[in-house]
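> Build me a structure from this.
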Amino acid sequence: MLLHIIARGRIGRGPEAELVDRYLGRIGWPTRVTELGDRGGKAPAGDGRLRRVLLDEKGEALPSLALAERLGGWRDDGVREARFELGAADGFDDAERAGADLLLSFGRATWPHLLARAMLAEQLFRATSILAGHPYHREG
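Numbers count the residues shown, from 1 in each chain. Here you go, the predicted structure:
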C-alpha cells in the first residue's frame, strides 16, 4: 500500500525536510510526497481504493498502535493508497472533513506545517515498524 503525504506549501531544504526524508526513507512500504501550492492545485486522482486521512486539530489523537492497526487493516482489505493530507493555514472546511475516512490529530496544540509533516513521517515509520514486528516502538 502506498503511503502518500499531500501537503499545502513547500518544505524546501532544511532540518525539517531532512527529518521527513530520513523517516520516509526507512519505511519498507512505497511512499510519495506531493506538495501543492498554498492556494489552488489538486491532489492527483486515485483509483477509488484509497483512504483519505486529514491532519486536523478536530481529529482523533490516535496512539501509535491504533494508527498501525488502522493501516494494517486497510492494507489487508486491499486499499492501494492511504493519503495523508495537510491543509493550508486555515485547515480544512466542513465538506472536506466530511469526505475524509479519518481525521487525525497530533494533540490539541497547533503545530507548524513543517513540524507536522516531520511528525507524520515519523508516525508512519513507527506504524509500519510495529506491523513488521521491528523493535523501534516500545510500549510503556
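
> Distance-wise, check G133 relative to G72.
12 Å (CB to CB, to the nearest Å). (Glycine included, C-beta is placed from N, CA and C.)

> right, I mislabeled it, should have said G9
30 Å.

> Give me the more crowded residue out of G133 and G72.
Comparing G133 with G72 by neighbour count (other CB atoms under 10 Å), the higher total belongs to G72, at 15 against 7.

> Please save the CA atoms from the host helix or strand of that one in CSV.
Using DSSP states H and E, G72 sits within helix 64-76. Extracted in CSV, the C-alpha atoms of helix 64-76 (Å, rounded to 0.1, in the frame of the first residue of the first chain):
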residue,chain,number,x,y,z
SER,A,64,0.7,4.8,17.6
LEU,A,65,-0.5,1.2,18.0
ALA,A,66,-4.0,2.2,16.9
LEU,A,67,-2.7,4.0,13.8
ALA,A,68,-0.7,0.9,13.0
GLU,A,69,-3.8,-1.3,13.3
ARG,A,70,-5.7,1.0,11.1
LEU,A,71,-3.0,1.0,8.4
GLY,A,72,-2.7,-2.8,8.7
GLY,A,73,-6.4,-3.2,8.3
TRP,A,74,-6.6,-1.0,5.3
ARG,A,75,-3.6,-2.9,3.7
ASP,A,76,-5.2,-6.3,4.5
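
> Just the buried positions in that helix, please.
Under the neighbour-count criterion of 16 or more other CB atoms under 10 Å, helix 64-76 has L67, A68, R70, L71, W74 buried.

> Tell me how far L50 lies from E122.
Counting by CB to CB, the gap from L50 to E122 is 22 Å.

> just I11 next, same as before
15 Å.

> Next: L65.
Using CB to CB, one gets 15 Å for the distance from L65 to E122.

> where exactly do the helices run in the protein?
15-26, 64-76, 94-98, 113-132 (DSSP state H).

> Quick check: which of those helices is buried the most?
helix 113-132 (a mean of 20; mean count of other CB atoms under 10 Å).

> tell me what that helix is packed against?
strand 2-8, helix 15-26, helix 64-76, strand 81-86 (3 or more CB pairs under 8 Å, 6 or more residues apart in numbering; DSSP states H and E).

> hmm, try it at 6 Å
Applying 3 or more CB pairs under 6 Å, 6 or more residues apart in numbering; DSSP states H and E, one finds that helix 113-132 makes contact with helix 15-26, helix 64-76, strand 81-86.
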